[in-house]
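Student: sequence isn't available, so here's the structure alone:
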């Protein structure tokens, strides 16, 4: 039988590749933004189709965004914010210091 690799070992291997950290961060940002939009949509009792109509989009675009499938532009985030009755705030934070 073949040798099994643990998830931690596989992750370390993948994250050691050039550019992997940036790709991971981009995926994390997409996922977190999508989850935020979904939570707010649900708080307002809106369907994806209703949010899409408010934002001038089609329902599949909202579904992709909520699933973390697209990296939005600032104008797209502004459209979502307005449709969700929110104010968009973009901030910069210092990076954590290497330990």
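Tutor: Thanks, I have the structure now. Quick caveat: nothing in here was measured; it's all calculated off a predicted structure.
Student: what ranges do the helices span in the protein?
Tutor: In the chain, the helices defined using DSSP state H lie at 7-15, 20-43, 48-55, 59-66, 74-83.
Student: CSV for those helices, including mean neighbour count, mean pLDDT and distance to residue 89?
Tutor: All C-beta spots, glycine's among them, are computed from the backbone N, C-alpha and C. Formatted as CSV, the helices of the chain follow (neighbours: other C-beta atoms under 10 Å; pLDDT from 0 to 100; distance: least, C-beta to C-beta, whole Å):
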stretch, mean neighbour count, mean pLDDT, distance to residue 89
helix 7-15, 10, 68, 30
helix 20-43, 14, 89, 12
helix 48-55, 18, 98, 18
helix 59-66, 18, 97, 18
helix 74-83, 16, 97, 9
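Student: out of those, which is closest to residue 90?
Tutor: When the helices of the chain are ranked by proximity to residue 90, the top entry is helix 74-83, at 7.0 Å, counting by C-beta to C-beta.
Student: which helices and strands sit right next to that closest one?
Tutor: In terms of contacts (3 or more C-beta pairs under 8 Å, 6 or more residues apart in numbering; DSSP states H and E), helix 74-83 is packed against helix 48-55.
Student: centre of the chain versus the helix it packs on, how much separation?
Tutor: Offset of helix 48-55 from its chain centre (C-alpha atoms, centre = their mean, to the nearest Å): 18 Å.
Student: report the inter-axis angle for it versus helix 74-83.
Tutor: Angle of helix 48-55 versus helix 74-83, following axes from the mean of the first three to the mean of the last three C-alpha atoms, to 10 degrees, is 110 degrees.
Student: neighbouring contacts of helix 48-55?
Tutor: By C-beta atoms under 8 Å, 6 or more residues apart in numbering, the residues outside helix 48-55 that reach it are 37, 41, 46, 57-59, 61-63, 66, 79-80, 82-84.
Student: picking that back up, among the helices of the chain, which comes closest to residue 93?
Tutor: Smallest distance to residue 93 across the helices of the chain (C-beta to C-beta): 12.6 Å, for helix 20-43.
Student: what's that closest one in contact with?
Tutor: Contacts for helix 20-43 (C-beta under 8 Å, 6+ apart): 14-15, 47-48, 51, 62, 65-72, 77, 80, 84, 86.
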